[in-house]
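S.K.: Sequence plus the predicted model coming up.
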Amino acid sequence: KSTSGTCHLLGSALVSWHSKQQACVALSTAEAEYIATGSCCAQILWMKQQLRDYGTELNKIPLRCHNTSAINLTKNPILHSRKKHIEIRHHFLRDHVQRNDCVVEFVDTSKQLADIFTKPLPRERFNQLRIELGIVNESCLN
């Protein structure tokens with residue numbers, strides 16, 4: 001089972017994060033990323049509704065993923081043999097991408113902020129991610 005991690009930013013401020021071991025065993029890294037990205041999409045839609053209640057409307061919210069195969073699964077509406085084993089409930093993400101609720105974008109693995117929630121990291125990388133997430137100032141680490 002894979003450990004999924006997400007962080008949700010509003011502007012440059014970290015407003016929510018999530019780390020969890022996935023409930024099902026994925027047959028590929030693309031499937032694991034696709035499932036995790038779907039979970040992130042659900043959180044984004046909840047936050048979008050909360051903001052709508054306060055009078056702020058957001059469309060095409062960027063959702064960043066570092067797995068190009070998972071990104072391609074969200075863009076292809078045709079079910080083919082390489083993804084027929086993925087349960088229907090996980091295609092929630094694909095449906096919301098087609099509705100333009102969110103846009104799945106590629107992010108380089110070195111820029112993946114959620115790594116802080118899912119992996120043991122060297123001190124330098126851990127501290128850099130804390131700065132990028134706005135958890136600490138650079139001056140606090142010196």
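M.R.: Good, I have the coordinates.
S.K.: Could you use CA atoms for every contact and neighbour count after this?
M.R.: Will do.
S.K.: Quick one: the helices in the chain, in order.
M.R.: Applying DSSP state H to the chain gives helices spanning 29-53, 68-75, 92-98, 115-118, 123-132.
S.K.: Turn these into JSON lines, columns for mean neighbour count and mean pLDDT.
M.R.: Formatted as JSON lines, the helices of the chain follow (neighbours: other Cα atoms under 10 Å; pLDDT from 0 to 100):
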{"stretch": "helix 29-53", "mean neighbour count": "19", "mean pLDDT": "86"}
{"stretch": "helix 68-75", "mean neighbour count": "18", "mean pLDDT": "84"}
{"stretch": "helix 92-98", "mean neighbour count": "19", "mean pLDDT": "85"}
{"stretch": "helix 115-118", "mean neighbour count": "18", "mean pLDDT": "87"}
{"stretch": "helix 123-132", "mean neighbour count": "15", "mean pLDDT": "91"}
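S.K.: Nearest to residue 14, out of those?
M.R.: Evaluated over the helices of the chain, closeness to residue 14 peaks at helix 123-132, with 9.6 Å, by Cα to Cα.
S.K.: Run the chain-centre distance for the closest one.
M.R.: Here the centre of helix 123-132 is set off from its chain's centre by 19 Å, with Cα atoms, centre = their mean, to the nearest Å.
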